[in-house]
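In: Need a 3D model of the sequence below.
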Amino acid sequence: MSKLHYSRSQITIWSKLPWWLITLAGIGVIFCWQFFTNDTYQRILLMLSGGIWVTIYVTFLAFFIATLVGLFIALAGFSKHRPIREFARFYVEFLRGVPVLVLLFYIAFVGAPQLVEFYNFLLQKPIEWQWIETARTRDFSMTWRAIMALSVAYSAFIAEVFRAGIQSVDQGQIEAAKALGLKSWERFRLIILPQALRNIFPPLANDFISMVKDSALVSALGVQDITQLGKLHSASSFQFFETYNVVAFLYLSLTITLSLLVRFIEYSLNQNRRY
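Out: Down below sits the predicted model:
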């Protein structure tokens, strides 16, 4: 009987073992061994290390802005006024249909100059603003143009995540909150949002990990992220194989670390839900 119990527990352990993680960890060990024993890999990794912080900075800031804008658009979709609802629907459908790279170029080379012109136009009107200097398009850094583009592109997807999460809350609880005399903002803050967050978190975290990978597109604007630095180094040294091995390893390290963190937070939320 004890042997049977032991074999069953063994089967359970083997079935729950994350083979994908073990495989990736093995690949990571091979890469780490290469980094410590190969001078070429060490030199490439040192050169690309500055791009890691640029990638993290662009991703976190763009995702934060996209989350705020997405929440605003999602709430606009539940407005009592039809023009506001139609605008929110148009915003989501239009931006989801445009590739991120196209939107990146459009905002960088069309939207940013127009924004600078509008800013300069405002300065010509109020007298008390004359002490502020007029802006030039070249003063608008490519990094911020890239952040704006990623924020706008992902805000449409995040708006849909928030919309689905809000709609997942049972209507009876909202009606009960109305019966208790809670105002709309109080209902959203105390009843809707805490419950919706449990359903929103997994797809929202998924979008964040996707943005880490899509942040490589900002290299098209010359932003010195991991991809851009790798592109410059491989073009000058012709070490394409080694360079893009390091680039892939760095992105994998970022995404896998974030994926494991998301799984841990999601597991904690599910545990709290049981109690």
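
In: name the element Val29 belongs to?
Out: Using DSSP states H and E, Val29 maps to helix 19-37.

In: For that helix, buried residues please.
Out: Applying a neighbour-count criterion of 16 or more other Cβ atoms under 10 Å, one finds 31, 34-35 buried in helix 19-37. From N, CA and C alone the C-beta is placed, and that goes for glycine too.

In: Which helix or strand lies directly C-terminal to that helix?
Out: Where DSSP H and E defines the elements, the next helix or strand beyond helix 19-37 is helix 39-76.

In: Now the element after that following helix, going C-ward?
Out: Next element after helix 39-76 (DSSP H and E): helix 82-96.

In: From the contact counts, what lies against that next one?
Out: Applying 3 or more Cβ pairs under 8 Å, 6 or more residues apart in numbering; DSSP states H and E, one finds that helix 82-96 contacts helix 39-76, helix 142-167.

In: Now do the buried residues in that helix.
Out: By neighbour count on 16+ other Cβ under 10 Å, the buried set for helix 82-96 is 88, 91-92, 95.

In: how far off helix 39-76 does that helix point, in degrees?
Out: Angular relation of helix 82-96 and helix 39-76 on a 0 to 180 degree scale: 160 degrees, by axes from the mean of the first three to the mean of the last three Cα atoms, to 10 degrees.

In: ok, residues contacting helix 82-96?
Out: Applying Cβ atoms under 8 Å, 6 or more residues apart in numbering, the contact partners of helix 82-96 are 73-74, 76-79, 103, 152-153, 155-157, 159-160.

In: next one: that helix to chain centre, how far?
Out: The chain centre lies 21 Å from the centre of helix 82-96; the measure is Cα atoms, centre = their mean, to the nearest Å.

In: same thing with stretch 52-60?
Out: Stretch 52-60 sits 11 Å away from the centroid of its parent chain (Cα atoms, centre = their mean).

In: which intervals of the protein have sub-threshold pLDDT?
Out: For the chain, residues meeting the criterion pLDDT under 70 lie at 1-18, 121-139, 269-275.
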